[in-house]
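1. A predicted structure for the sequence below; I have some questions about it.
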Amino acid sequence: MLMRLIVLLAGVVAAAQACAGGDDYDAANDVKGAGPAYFGFVRDHRGSPVVGAQVVLTPKKGKAVSLKSNVLGLYRGHISKDVQPDQVQVSCVKAGYKQLKINRRTPPGKNDMFIETECTMQRQ
């Protein structure tokens, strides 16, 4: 009986974290020297989160990095520290959606550690 209660409580806590936007990304454990953090939200044209969208960071030179948006539409990841932020193109893809626009809130040409973008998508 006690074991069932513990398992039930663990499930409730995990579900609450997911509904509250719990994210497996832990900024405190960022790898030092991994390069700038790219983060932002994938939303539909009405402002609702697009869950499970693929966010692709494509540098002019080097290997692209693919990220996935969580339950809030949030994504976060790194690309090589050797790549300047203004040399990285951000795009969003999800079946049944088309990308409308990408807003970049970090000014190009800066070597900031946090590059915020927002991807707006629309159902097809």
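-> Yep, it's here. Residues are numbered from 1 along each chain as shown.
2. Now do the contacts for Cys92.
-> Contacts for Cys92 (C-beta atoms under 8 Å, 6 or more residues apart in numbering) come out as 42, 50, 53-56, 99, 102, 119, 121. C-beta: built from backbone N, CA, C; applies to glycine.
3. who wins for neighbours among those?
-> Val42 (30 neighbours; other C-beta atoms under 10 Å).
4. Pretty sure that one sits against Ala53.
-> Yes. Look at Val42 against Ala53 with C-beta atoms under 8 Å: they come within range, at 4.2 Å.
5. if I look at these two, which residues touch both of them?
-> 69, 73, 75, 92, 94, 119, 121.
6. Count the residues that sit near the fifth one.
-> Close neighbours of Lys94, defined as other C-beta under 10 Å, add up to 20.
7. Strands of the chain, start to end?
-> 37-44, 54-59, 65-68, 74-78, 88-93, 97-104, 114-123 (DSSP state E).
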